[in-house]
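Student: Coordinates for the following, if possible.
(2 chains)
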Amino acid sequence: MLFNSLAYAIFLPLVLFLYYTLRHRQQNLLLLLASYIFYGFWDVRFLSLIFISTFVDYGVGLWLQHCDQTGRKNIKKLGVIISLATNLGILGFFKYFDFFVTSADSLLSTFGLSTSLPVLNIILPVGISFYTFQTLSYTLDIYRGKLKPTKNLIDFALFVGFFPQLVAGPIERAAHLLPQIQKHRVVSQDFFYKGLYLIIVGLVRKVVIADTAGAIVDTYFANPGNFSGIQLIIGLFLYGLQIYGDFAGYSNIARGSAYLLGFDLMRNFKHPYFSKSMTEFWRRWHISLSGWLRDYLYISLGGNRKGQVRTYANLMTTMLLGGLWHGANWNFVFWGFLHGFYLVVHKLYRQLLPLNHNQNGFFTRIKQGISLVFTLCLANFTWLFFRSTSIATTQKYLNGLANIKFEIPSSLVTLLFLTFLVLMIDIPQIIKENEFTFFKFPVFWKIIFTCAAILLLFFSGGGGKASFIYFQF
Amino acid sequence: MKTKQFKIRIIYKSIIAVLGLLVLTDFLLRLEPVRDKLPQASPYYNPAVELRLRALKTFVKELGQPDMLFIGSSVVRTNFSPLEFDSVFHKISGQKIISFNGGLSDLDPGPVAFYLEKFWLTSCQPKIILQAVRYEELLSHYTAENYPVFQTSIFEPLWLENNLNSQIRLFLLDHVNIYYYSGALTEFLRYPRFPINRPLTYIIDSRGHNPMKIGIVKAKESGLLTGDLTYYDDIPDSVLQLNLNAMKRSYDLCQQHGIRYVLVNMPEHGDRFMADPDGLKRYRDYITILQQLAEELDIEFIDITAADPRIYQNDELFSDYYHMSPKGTSKFTKSLARYCAGLFGNEF
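Tutor: Got it, this is the predicted structure:
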């Protein structure tokens, strides 16, 4: 079920209507049932994978606690191994099996070894990367002694399958979400308005900004050779807007839906295109994933505690795996590699020229402006490797970029219009450093913006057919 | 965080406010001067469909139901001028008739039958429907279900679904203007243009005709026709049969509505056939197939080339190898009108 579909427009009010009439425990049951219906809309069969993850990590959580209580620390690790093997095994099989087989096949054939390794054409279950990471974090946090396991299976199953964030995040931590599931929730007026606001903003980001940009981007990437360098540059910036609108839009709707249910999910995007370095970009882009990778991968590898070289190696490894997390394709790996490289270079640069926090003059602002534009251009250029479906397309696109002729293509109008919309949403939030600064606007402007957003939504879109990009991950 | 439970009346108020806004917008969209200033709605597979529909509605309002409707692909759209047709028809037969051009881009016989059923026959009630085909349209076969350009549209997939959900949505599309305009902004931003109410692709006249401007000589010089090669292939039997079935489907639909169905061969540039030694035979075989179909269905088949592509082997008549120049359109339309006046002159 897509957030931007008629089905969800019926599903959510129906769930809310029932939810508001029930008590806490019944609410949790309703949400669990609704979450499975929500997921089952894609493919009921894959619910079984969620059940497996749920039962395994629920059991492992209790096992780890039992080990702690009985002092059997020597076999505590076994629980973690079972959890990792089950979750990563499922993820590896469904997401990466064909990729590794075809890659191994290609590698062997370059050495003249003909093979016929089996490709299974496995369907990728929606959201598997998201809920796998979420449930893993639960087990790992218990293992590290940061969290106590829940004994209530319904609560835990809801933590794994909570429908607003089930298929594309934010990847929640148990320490943040589980207590909200366990306690009695009140949907305050504040939460209700925030929820509506986030859903409307999320829909504008997705339906108006991302889908419109995507319509042009698809044309450019289908045949890069047919377009001029200027058009292809615009295409990259449009893709930057598309993926931001698509993913941030999804996160907004997820959080908005959760607010209406009395839940406060973590923020996943914080104006990433206003970053002044790639390090900052990753603190603002897909915050729940970068936080997960930092806490469970980068730090587990040693983080920055084992010398400079290991720090850089850890960064590269984390970003390479982060790239691979997005999809079983070398393009994603290369995209991850580039981001790892940028982070390493930025770390080196900061060691050579440490940041002077006291500077606040005119030249510092100019420097910050240049850094912002540079980071924006770099991030958008790097999306090329993320968006390309093959190395051949990447090559064609790169060749096309070199074909610069002065012109003003009509797609520039689209880029400027969509950028204007993004700025209209983001700039007030940045200035006031408050995501909900909208509520402090004068009533007149609140009405104008709300009406404009609703009308934009009705005049945009293509019948609610466009899926979210991150569903494929 | 305020912990006071929100009041249910917020929901009612919000719903009423949004509905009020939408009702007001819907009302405004019903006003012609407002619609004329907005980007074109595009709920069909091709923006030209909306233009045709608007032209047809105005046409029916001012002149009544069309006597003749000419359907087919883009070659009908460009090569047939209803105003000229009506004038010549009147001169020869003494009968005043009104015709309309219903040619739509990229439609082969399968999708043509689909559009006839779902669009034309629900929008107007002509007395005669002429369907034109050309050789290339029989070389491949699509059904409406597997036709790629229909998949991303709004109306066509709903026509195909035919269930309660699609019926509701079709009803809403027909009656709620704001829903009809869904996607108009996205479509506009895909190809921004100024003034914003400028039609996206084609300028059509009041009868649905879309004359081509660029000449074939210029098109050849610009390299625009490099992809249009001479026909070197016969029509595969299986594909042919599917396309003939699609034309039979169009015939059946006309029969069900008491409309006379006429089949027309649309001439192409003679070079497409004559450049190949087997081209002439190929063309004649194709004409024979259409003749046999007409005999089987007991309908009229009009071929103004008399099975000879050389009659239209003239650069002056074409804008590319199959869309005609204004001169070619005039020649074809007049020939067709003369032929039709002889056939149907006494029927109106």
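Student: Please parse chain B into its domains.
Tutor: The record, using automatic domain parsing to delimit domains, assigns chain B the ranges B:9-37, B:66-140+B:202-344.
Student: So which bits of chain B are right by chain A?
Tutor: Applying CB under 8 Å from any CB of the partner chain, one finds that chain B approaches chain A through B:1-8, B:10, B:14, B:18, B:21-22, B:25, B:152, B:154, B:157, B:178-179, B:181-186, B:189-193. Backbone N, C-alpha and C define where each C-beta goes, glycine included.
Student: low-scoring pLDDT stretches of the stretch 351-473 of chain A, where are they?
Tutor: Applying pLDDT under 70 to the stretch 351-473 of chain A flags the ranges A:356-360, A:462-473.
Student: how about the strands in chain B?
Tutor: Ranges of strands within chain B are B:68-72, B:99-103, B:128-133, B:260-265, B:300-302, based on DSSP state E.
Student: Low-confidence bits of the stretch 151-300 of chain B, can you list those?
Tutor: Short version for the stretch 151-300 of chain B, where the test is pLDDT under 70: B:200-202, B:223-224, B:226-229.
Student: any idea where the helices of the stretch 151-300 of chain B begin and end?
Tutor: When assigned using DSSP state H, counting those that start in this stretch, the helices of the stretch 151-300 of chain B occupy the ranges B:155-161, B:164-175, B:177-180, B:184-190, B:216-221, B:237-256, B:271-274, B:279-297.
Student: Any chance of a markdown table for these, columns distance to B:Asp108 and mean neighbour count?
Tutor: Written out in a markdown table, the entries for the helices of the stretch 151-300 of chain B read as follows (distance: least, CB to CB, whole Å; neighbours: other CB atoms under 10 Å in any protein chain shown):
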| stretch | distance to B:Asp108 | mean neighbour count |
| --- | --- | --- |
| helix B:155-161 | 14 | 19 |
| helix B:164-175 | 24 | 13 |
| helix B:177-180 | 27 | 20 |
| helix B:184-190 | 24 | 22 |
| helix B:216-221 | 23 | 15 |
| helix B:237-256 | 7 | 17 |
| helix B:271-274 | 17 | 21 |
| helix B:279-297 | 15 | 16 |
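Student: wait, which of these is closest to A:Ser410?
Tutor: Closest to A:Ser410 of the helices of the stretch 151-300 of chain B, according to CB to CB: helix B:184-190, at 9.0 Å.
Student: Give me the packing partners of the closest one, helices and strands only.
Tutor: Helices and strands touching helix B:184-190, as assessed by 3 or more CB pairs under 8 Å, 6 or more residues apart in numbering or on different chains; DSSP states H and E, comprise helix A:211-222, helix A:411-432, helix A:443-459.
Student: and the angle for the helix or strand where A:Gly240 lies with helix A:411-432?
Tutor: Secondary-structure element containing A:Gly240, defined by DSSP states H and E: helix A:229-260. Taking axes from the mean of the first three to the mean of the last three CA atoms, to 10 degrees, helix A:229-260 and helix A:411-432 form an angle of 40 degrees between their directions.
Student: In CSV, please show the C-alpha coordinates belonging to stretch A:193-203.
Tutor: The C-alpha trace of stretch A:193-203 is given here as CSV (Å, rounded to 0.1, in the frame of the first residue of the first chain):
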residue,chain,number,x,y,z
TYR,A,193,-1.8,19.2,13.9
LYS,A,194,1.9,18.1,13.6
GLY,A,195,0.7,14.8,12.0
LEU,A,196,-1.6,16.6,9.5
TYR,A,197,1.2,19.1,8.7
LEU,A,198,3.8,16.4,8.1
ILE,A,199,1.4,14.3,5.9
ILE,A,200,0.6,17.3,3.7
VAL,A,201,4.2,18.4,3.4
GLY,A,202,5.3,14.8,2.8
LEU,A,203,2.7,14.4,0.0
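Student: what sits up against that stretch?
Tutor: Under the contact criterion CB atoms under 8 Å, 6 or more residues apart in numbering or on different chains, stretch A:193-203 has outside partners A:3-4, A:248-260, A:425, A:436, A:438-439, A:450, A:453-454, A:457, B:10, B:14.
Student: Spit out the contact partners of A:Phe263.
Tutor: A:162, A:164, A:177, A:180, A:185.
Student: right, so the domains of chain B: which one is the most enclosed?
Tutor: Comparing these by mean neighbour count (mean count of other CB atoms under 10 Å in any protein chain shown), domain B:66-140+B:202-344 ranks first with a mean of 19.
Student: Can you classify A:Phe263 as helix, strand or coil?
Tutor: At A:Phe263 the chain is in coil, as set by DSSP: H, G, I helix; E, B strand; the rest coil.
Student: any idea which of the contacts of A:Phe263 is closest to A:Ser388?
Tutor: The shortest approach to A:Ser388 among the contacts of A:Phe263 belongs to A:Pro164, at 31.0 Å (CB to CB).
Student: Pretty sure that closest one sits in a helix.
Tutor: Yes. For A:Pro164, which was evaluated using three-state DSSP, the result is membership in a helix.
Student: tell me the pLDDT at it?
Tutor: Per-residue confidence (pLDDT) for A:Pro164: 96.
Student: who are the neighbours in contact with it?
Tutor: Under the criterion of CB under 8 Å, 6+ apart, the neighbours of A:Pro164 are A:253-255, A:257-258, A:261, A:263, A:265.
Student: Spell out which parts of the stretch 201-350 of chain A neighbour chain B.
Tutor: By CB under 8 Å from any CB, the part of the stretch 201-350 of chain A that sits against chain B consists of A:208, A:211-212, A:215-216.
Student: which of the residues you listed has the most neighbours?
Tutor: A:Thr212 (29 neighbours; other CB atoms under 10 Å in any protein chain shown).
Student: Is it in contact with B:Thr186, as I believe?
Tutor: Yes. Counting by CB atoms under 8 Å, A:Thr212 touches B:Thr186, with 4.7 Å between them.
Student: anything in contact with each of those two?
Tutor: Counting by CB under 8 Å, 6+ apart, the residues touching both A:Thr212 and B:Thr186 are A:Ser460.
Student: Can you get me a residue count around residue 193?
Tutor: Assuming you mean chain A. 18.
Student: actually chain B
Tutor: The local packing of B:Arg193 (other CB under 10 Å) involves 13 other residues.
Student: Please report phi then psi for it.
Tutor: Its backbone dihedrals place B:Arg193 at phi -150, psi 160, with angles given as degrees, to the nearest 10.
Student: one step back: would you list the buried entries among the contacts of stretch A:193-203?
Tutor: Taking 16 or more other CB atoms under 10 Å in any protein chain shown as the criterion, what is buried in these is A:3-4, A:248-260, A:425, A:438, A:450, A:453-454, A:457.
Student: so where's chain A shaky on pLDDT?
Tutor: Going by pLDDT under 70, which is the cut-off in play, chain A has low-confidence ranges at A:114-115, A:117, A:120, A:356-360, A:462-473.
Student: try it again with 50
Tutor: Regions of chain A meeting the criterion pLDDT under 50 cover residues A:463-464.
Student: Most distant residue from the centre of it?
Tutor: Relative to the centre of chain A, the most outlying C-alpha is that of A:Gly112, 40.1 Å out, by CA atoms, centre = their mean.
Student: quick one on the thing from earlier: what's the most distant pair in the contacts of A:Phe263?
Tutor: Taking CB to CB as the measure, these have their most distant pair in A:Pro164 and A:Arg185, spaced 13.6 Å apart.
Student: which residues are common contacts for these two?
Tutor: The contact sets of A:Pro164 and A:Arg185 overlap at A:261, A:263 (CB under 8 Å, 6+ apart).
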